[in-house]
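Q: Curious how this folds, go ahead:
(6 chains)
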Protein chains: 4
Amino acid sequence: MKAAKAETSPRRASIGARRNPASQAAILAAARAVLAEEGYAGFSIDAVSRRAGAGKPTIYRWWKNRADLLMEVYAAEKAVIEAVPSGDLAHDLVVHTTALWGFWCGTPSGRTFRALLAEAQSDPDALAALREKFLPERLRDVRGLFSAAAARGDIPADEIEARLSLYLGFNWFYVLTDQLEAGQASIPAAMRLIAAPTPR
Amino acid sequence: MKAAKAETSPRRASIGARRNPASQAAILAAARAVLAEEGYAGFSIDAVSRRAGAGKPTIYRWWKNRADLLMEVYAAEKAVIEAVPSGDLAHDLVVHTTALWGFWCGTPSGRTFRALLAEAQSDPDALAALREKFLPERLRDVRGLFSAAAARGDIPADEIEARLSLYLGFNWFYVLTDQLEAGQASIPAAMRLIAAPTPR
Amino acid sequence: MKAAKAETSPRRASIGARRNPASQAAILAAARAVLAEEGYAGFSIDAVSRRAGAGKPTIYRWWKNRADLLMEVYAAEKAVIEAVPSGDLAHDLVVHTTALWGFWCGTPSGRTFRALLAEAQSDPDALAALREKFLPERLRDVRGLFSAAAARGDIPADEIEARLSLYLGFNWFYVLTDQLEAGQASIPAAMRLIAAPTPR
Amino acid sequence: MKAAKAETSPRRASIGARRNPASQAAILAAARAVLAEEGYAGFSIDAVSRRAGAGKPTIYRWWKNRADLLMEVYAAEKAVIEAVPSGDLAHDLVVHTTALWGFWCGTPSGRTFRALLAEAQSDPDALAALREKFLPERLRDVRGLFSAAAARGDIPADEIEARLSLYLGFNWFYVLTDQLEAGQASIPAAMRLIAAPTPR
DNA sequence: GGTTAAACGAGACGGTACGTCATGTCTTTTA
DNA sequence: TAAAAGACATGACGTACCGTCTCGTTTAACC
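A: Take a look at the predicted model:
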């Protein structure tokens, strides 16, 4: 135990009447590290504070709760998932999903995302933030793919929400059950269905 | 507040060297009630113990952790969701989904399920149990629908897993974001896609 | 709650390279107000700073700790307790005590004094200051009464310290137990004993 | 730092649904030790808890606040101050005072008592407990000395309170200013005055 | 028919985390 | 260069829950 003080040995005092970016960075890094090493179970403000060598009040001053911190941690390691529409929705979705899963597996982000979803189950505020701020932002690119396809007439415009939900749910299912590795084989078929022209 | 002692007023002593079904029932009922009233946030062994008028060791003796208890609570209110295959997979899925959502909304089950998923994010054992015991069992009927469709040649047999994942994820997304009410409109379109014959 | 900014609405900036008397006054007034309203329990540098609309460093620049500030607050509301020796020590002590208790009850001074004594129990420096600077100064007049009585031969000169301690302790006991109101009846008898000619 | 776990190395689990005397003793001993070594300034429930190897809730379960704990600490090292009335009040008071001061100096009790008085200045409940429970109990013997003297006709019965206050205040003054050593010389004269027959 | 064994309720135990408050130090900005 | 503003690391506050433990009681099963 007795988690090492991370890389910021000496001390990180105030730099005046404004936020200290070093503290912010140390806290985010500590949160990321805790999630990577211990997962959601070990993710506590106390643990992050200890690890970051930061005071708890400093954390609560800038993040109103755990979910808030989790969202920023997630945002901080923003995946560089390019969404360059190729004109083929199914293909674009496969590319996007593959990139996303790679991001989730290769970084602590997968665990962060799982933590975020878990947190939202106990904290209504967190759920609201997830639904109204986090998701819309995160989904902008993917929604763009669907919109473009609808604009091309490949899919009906009034099915965008349903297809987005299918897409999202598919990803959530695999990440929440920690089966990203095993589930990759299902991606192409699933994306083909999500991108299919309306049957009948 | 100050949760009343539930319906077991006098006292529920031991009935000898074997499990007391009354205690078991009281604990499950208390857990259900706590989840219904307070959600996952208020779900603690302490709260259940208080509510049930049961000792904590009695709970830990029969359920090894929270997830274990949650699973039994969820299992206890098993939805009677009939899956009478009509020969039309899309239709069957809509029926099944509608029934499932009704079950999730009309009982504390939705909250229980959300709690279960959240718990699985912090407890690897819980996740394993969810994946290997709980889900296969729960999915038997739905999987049957897909198998029948595959047998009929309506969908390819090697896409059953992908389509099941889409189905599951779709439901999870709506329940986890507490949008079951608002999301109902998406059901038919989504099910049509999940049940679609392979495009091309 | 949410302590209003006191009477110094606009702002009190620096007035150059010297102490700003307005700030000093505002801080003392705020400290007095906090003590009056919340007592020692609510007396914190933070609270004073908020109330005075002053920065904490401004307080720490001029007062090295809470005790220091408390002493100045107490000194600032110096009782005008005249000690006009009448030639009758007992009578003079009764007069002085009555005036002192009136001062303690009618102003926040009683609470300030209690705070000061409490503070001195955790801070050795404060105790030293109390003993070596504050008390001798405060006691000058009363000591004068005893000296005069000794000069008259009413009491032995070598008992001045003991009698002063009795006098002081008597007052402290009542103020520290917040019984000034109820204890007034004891004053005459006590003063008579303190001023008594040596028995035997 | 990292205060040793005191002498109770292995662990002190529950001994059933009742108070564990070992924990109680460990907590009292730890509180005493903290007071002896750090004084009131270092006396925090956290510090006591760490030192005792006890959980904070265990402390709060049995003592409702710091003052409560302080009072029990003080009571636990009960002075064996015999009050065997000799028939001479002044003499008895000198004996009693000398014993009391010896007790205060030779044990951590002096510091405990000072802490108790300081605590009572910030916590009204503590003050009430001090006034209504602690003092009357502690004063029983001394009050007995005064009553006996009054019964003998040595002092007026209606002056008992005033004289008790003088006695108490005298002791408080010296202990609160940490001058017990230096003040001993004043004891005889002071006690003679407190015990004096009513002058005039 | 007395003895043993196990489950029961109760609740205390040592811990960890919660979210808030105060400490005293620090820096920047403003005047 | 003082003053305000307020961020900073630290650490105490009092509470909730964790999972374990021991109690004393109650009953059924065994001898």
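
Q: Return the distance of residue A:50 relative to chain C.
A: Noted for residue A:50: a distance of 25 Å to chain C, by Cβ to the nearest Cβ, to the nearest Å. Using the backbone N, CA and C atoms, a C-beta is placed for each residue, glycine as well.

Q: separation between that residue and residue A:30?
A: 8 Å (Cβ to Cβ, to the nearest Å).

Q: Between these two, which is the more surrounded one?
A: Shown here are residue A:50 and residue A:30; by other Cβ atoms under 10 Å in any protein chain shown, residue A:30 has more neighbours (24 against 19).

Q: Need the pLDDT of the more buried one.
A: The pLDDT attached to residue A:30 in the predicted structure is 97.

Q: Closest residue of chain A to chain B?
A: residue A:169 (2.9 Å; Cβ to the nearest Cβ).

Q: Which residues are in contact with the nearest residue to that residue once chain neighbours are set aside?
A: Nearest residue to residue A:169 in three dimensions, chain neighbours excluded: residue B:169, at 2.9 Å (Cβ to Cβ, 6 or more residues apart in numbering or on different chains). If you count contacts by Cβ atoms under 8 Å, 6 or more residues apart in numbering or on different chains, residue B:169 has them with A:166, A:168, A:169, A:170, A:171, A:172, A:173, A:174.

Q: What is the burial count for the closest residue to the second one other than its chain neighbours?
A: This points to residue A:168. Using Cβ to Cβ, 6+ apart and skipping residues adjacent in sequence, the residue nearest residue A:168 is residue B:173, 5.2 Å away. Using other Cβ under 10 Å, residue B:173 has 23 neighbouring residues.

Q: which residues touch whatever residue of chain A ends up closest to DNA strand F?
A: Nearest to DNA strand F, among the residues of chain A, is residue A:55, at 1.7 Å (Cβ to the nearest atom of the strand). Shown in contact with residue A:55 (Cβ under 8 Å, 6+ apart): residue A:49.

Q: Tell me the buried residues in the strand or helix carrying the residue of chain A closest to chain B?
A: Assessed by DSSP states H and E, residue A:169 sits inside helix A:160-176. For helix A:160-176, a neighbour-count test (16 or more other Cβ atoms under 10 Å in any protein chain shown) marks A:160-176 as buried.

Q: Compute the inter-axis angle for that helix and helix B:160-176.
A: On the basis of axes from the mean of the first three to the mean of the last three Cα atoms, to 10 degrees, helix A:160-176 is oriented at 100 degrees to helix B:160-176.

Q: immediately after helix A:160-176, which helix or strand?
A: helix A:180-183.

Q: how about the strand or helix carrying residue A:32 as PDB, C-alpha atoms only?
A: Using DSSP H and E, residue A:32 sits within helix A:21-38. Only the C-alpha atoms of helix A:21-38 are listed here, as PDB (Å, rounded to 0.1, in the frame of the first residue of the first chain):
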ATOM      1  CA  PRO A  21      -2.800  23.400 -13.800                       C
ATOM      2  CA  ALA A  22      -0.200  21.200 -12.200                       C
ATOM      3  CA  SER A  23      -2.700  20.200  -9.600                       C
ATOM      4  CA  GLN A  24      -5.400  19.600 -12.100                       C
ATOM      5  CA  ALA A  25      -3.100  17.500 -14.200                       C
ATOM      6  CA  ALA A  26      -1.800  15.500 -11.200                       C
ATOM      7  CA  ILE A  27      -5.300  14.800 -10.100                       C
ATOM      8  CA  LEU A  28      -6.400  13.600 -13.500                       C
ATOM      9  CA  ALA A  29      -3.300  11.500 -13.800                       C
ATOM     10  CA  ALA A  30      -3.800  10.000 -10.400                       C
ATOM     11  CA  ALA A  31      -7.500   9.200 -11.200                       C
ATOM     12  CA  ARG A  32      -6.500   7.600 -14.400                       C
ATOM     13  CA  ALA A  33      -3.800   5.500 -12.600                       C
ATOM     14  CA  VAL A  34      -6.100   4.400  -9.900                       C
ATOM     15  CA  LEU A  35      -8.700   3.300 -12.400                       C
ATOM     16  CA  ALA A  36      -6.100   1.500 -14.400                       C
ATOM     17  CA  GLU A  37      -4.700  -0.300 -11.500                       C
ATOM     18  CA  GLU A  38      -7.700  -0.900  -9.300                       C
END
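
Q: other SSEs contacting it?
A: helix A:45-52, helix A:56-62, helix A:66-76, helix A:109-122 (3 or more Cβ pairs under 8 Å, 6 or more residues apart in numbering or on different chains; DSSP states H and E).

Q: any chance of those helices in JSON lines, with distance to residue C:112 and mean pLDDT too?
A: Shown next, in JSON lines, are the helices and strands packed on helix A:21-38 (distance: least, Cβ to Cβ, whole Å; pLDDT from 0 to 100):
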{"stretch": "helix A:45-52", "distance to residue C:112": "37", "mean pLDDT": "97"}
{"stretch": "helix A:56-62", "distance to residue C:112": "30", "mean pLDDT": "97"}
{"stretch": "helix A:66-76", "distance to residue C:112": "43", "mean pLDDT": "95"}
{"stretch": "helix A:109-122", "distance to residue C:112": "47", "mean pLDDT": "97"}
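
Q: Nearest to residue D:120, out of these?
A: Between residue D:120 and the helices and strands packed on helix A:21-38, the shortest gap by Cβ to Cβ is with helix A:56-62, which sits at 29.7 Å.

Q: does any part of the closest one sit near chain C?
A: No: Helix A:56-62 stays out of contact with chain C when judged by Cβ under 8 Å from any Cβ of the partner chain, the minimum separation being 12.2 Å.

Q: packing partners for that helix?
A: On a contact count with 3+ Cβ pairs under 8 Å, 6+ apart, helix A:56-62 meets helix A:21-38, helix A:45-52.

Q: make it 10 Å
A: Judged by 3 or more Cβ pairs under 10 Å, 6 or more residues apart in numbering or on different chains; DSSP states H and E, helix A:56-62 is in contact with helix A:21-38, helix A:45-52, helix A:66-76.
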